[in-house]
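**Q** Compute the structure for the input listed below.
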Amino acid sequence: MSEPAAEPARRIRLDFRRHDQLDCADKPIRSDLSTVAAAGRCLWTANDELATVECLVLQEDGSYGDHQPVQLAELFDLPEGADGEMDIEGLDVADGHLWVVGSHSLTREKPKPGEHDAAEALARLTEIEHHPNRHFLGRVPLVETGPGLFELRRRAEGADGEPRTCACLKMTGKGNRLDRGLKKDVHIARFLDVPAKENGFDIEGIAVRGARILLGLRGPVLRGWAMLIELEVEQRRPGRLKLKKIGPNGEPYIKHFLDLQGLGIRELTTDGDALLILAGPTMDLDGPIALYRWPGAFETRRQAVVTRDRLEMVLRLPFGRGADHPEGICWLPDGGMARELLVVYDSPADHRLHKHTAIEADVFRLGDKAAKSPRPRSRR
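**A** Reported below is the predicted structural model:
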């Protein structure tokens, strides 16, 4: 990983409403952006400490504004309600829905800045918390309200005339069906009780193509190998998604292992038949951030072990010291012949901040549309 970090082609301003105007936020939304997705003129992102999705709309000057938060507790029955953080770490737009996934992770308290009492600091480090809202995987119908404009609705009519409704995996105070399935997994089970950012189980990224759902794991990373979990779901009744048994032994998931040179997965997005993977440290530290491409990812039908020679290093991304951590990526639509990838940052550096509400995101150009992978073939 000796290649220099790429320079963005340009920057885009994202302008949010003041947090003191919102019922759900006690600090600026822009401070902890964890993921991003786009469709038409709309951009959706999330702050990982809230239970909301933030919608922004493209403005005439090229920025995104008209911020509208969407309370997911008004669409779903969340175990902790609107006040419990969901740690939303993945968004994707597919087949007329916005897909949302929480980290499914545990948290550990950490000493407060300037805390000098060793006993209090050690006591804080022993506290591990479970947040039921984090165990969320679901989708919300998108309804077009104007040219390139969309709203999230509880219910909508599909192109085939069939109703589309909000739906998610059943959640309890202990987790969901995916958690229960993973408790018996030979590679993952022992990491379910380890907090995030300590190589514990931590979902960061979702990519959806047809019936297939890929979830990227920041952790665990096993001897340098990162993991993807693949799911398929069906909706048998309004509001509820059910996992299909797709694993080799009837498990409700398939695992894929990727050699990302010791890094974990921080975000995913589709690229034709390929998958773009934002990779970074699994631990809570500054470190290399790289963008990989897995060609033919959506042509793979079985569990895969993807060696380094089957992955393309697209570029290295800049990162700061204690700040400016790339966390979310998505393709920008309507970029002419350019293929433009938007990157949003957690813990943004001061140079990204404007006024009290706006933040700058980076745009990287990755070739032109003529060089893009062919359209995906239907599953056989």
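**Q** Could you check how far residue 295 is from residue 108?
**A** Distance from residue 295 to residue 108, counting by Cβ to Cβ, to the nearest Å: 37 Å. Where C-beta positions appear, they are placed from N, C-alpha and C, glycine not excepted.
**Q** Next, please give the residue ranges for the strands of the stretch 101-250 of the chain.
**A** For the stretch 101-250 of the chain, strands defined by DSSP state E, counting those that start in this stretch occupy the ranges 107-108, 128-129, 137-146, 149-152, 155-157, 163-165, 167-169, 171-172, 175-176, 202-209, 212-222, 225-237, 239-243.
**Q** Which of those strands has the highest mean neighbour count?
**A** strand 202-209 (a mean of 26; mean count of other Cβ atoms under 10 Å).
**Q** Give me the below-cutoff pLDDT ranges for the stretch 101-250 of the chain.
**A** Per-residue confidence for the stretch 101-250 of the chain (pLDDT under 70) gives these ranges: 115.
**Q** One more: the stretch 251-380 of the chain?
**A** For the stretch 251-380 of the chain (pLDDT under 70), the answer is 335-337, 369-380.
**Q** picking up where we left off before, how about a markdown table for the strands of the stretch 101-250 of the chain, with distance to residue 357 added?
**A** Output for the strands of the stretch 101-250 of the chain, formatted as a markdown table (distance: least, Cβ to Cβ, whole Å):
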| stretch | distance to residue 357 |
| --- | --- |
| strand 107-108 | 27 |
| strand 128-129 | 30 |
| strand 137-146 | 24 |
| strand 149-152 | 21 |
| strand 155-157 | 30 |
| strand 163-165 | 33 |
| strand 167-169 | 30 |
| strand 171-172 | 32 |
| strand 175-176 | 34 |
| strand 202-209 | 25 |
| strand 212-222 | 28 |
| strand 225-237 | 35 |
| strand 239-243 | 34 |
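**Q** For residue 53, which of those strands is the nearest?
**A** strand 149-152 (7.0 Å; Cβ to Cβ).
**Q** roughly how far out does the closest one sit from the chain middle?
**A** 19 Å (Cα atoms, centre = their mean, to the nearest Å).
**Q** tell me which strands and helices it is in contact with?
**A** Applying 3 or more Cβ pairs under 8 Å, 6 or more residues apart in numbering; DSSP states H and E, one finds that strand 149-152 makes contact with strand 52-58, strand 137-146.
**Q** who wins for proximity to residue 347 among those strands?
**A** Closest among these, using Cβ to Cβ: strand 52-58, at 17.1 Å.
**Q** Would you mind pulling the contact partners of that closest one?
**A** With contact meaning Cβ atoms under 8 Å, 6 or more residues apart in numbering, strand 52-58 is reached by 14-16, 24, 29, 41-47, 64-72, 88, 91, 98, 100, 140, 148-149, 152.
**Q** so what's residue 101 bridging to?
**A** residue 90, residue 137 (DSSP bridges).
**Q** make that residue 344, sorry
**A** residue 328.
**Q** Checking residue 13 next. Helix, strand or coil?
**A** At residue 13 the chain is in strand, as set by DSSP: H, G, I helix; E, B strand; the rest coil.
**Q** separation between the closest residue to it other than its chain neighbours and residue 214?
**A** Using Cβ to Cβ, 6 or more residues apart in numbering and skipping the chain neighbours, the partner closest in space to residue 13 is residue 63 (4.1 Å). Computed with Cβ to Cβ, the distance linking residue 63 and residue 214 is 31 Å.
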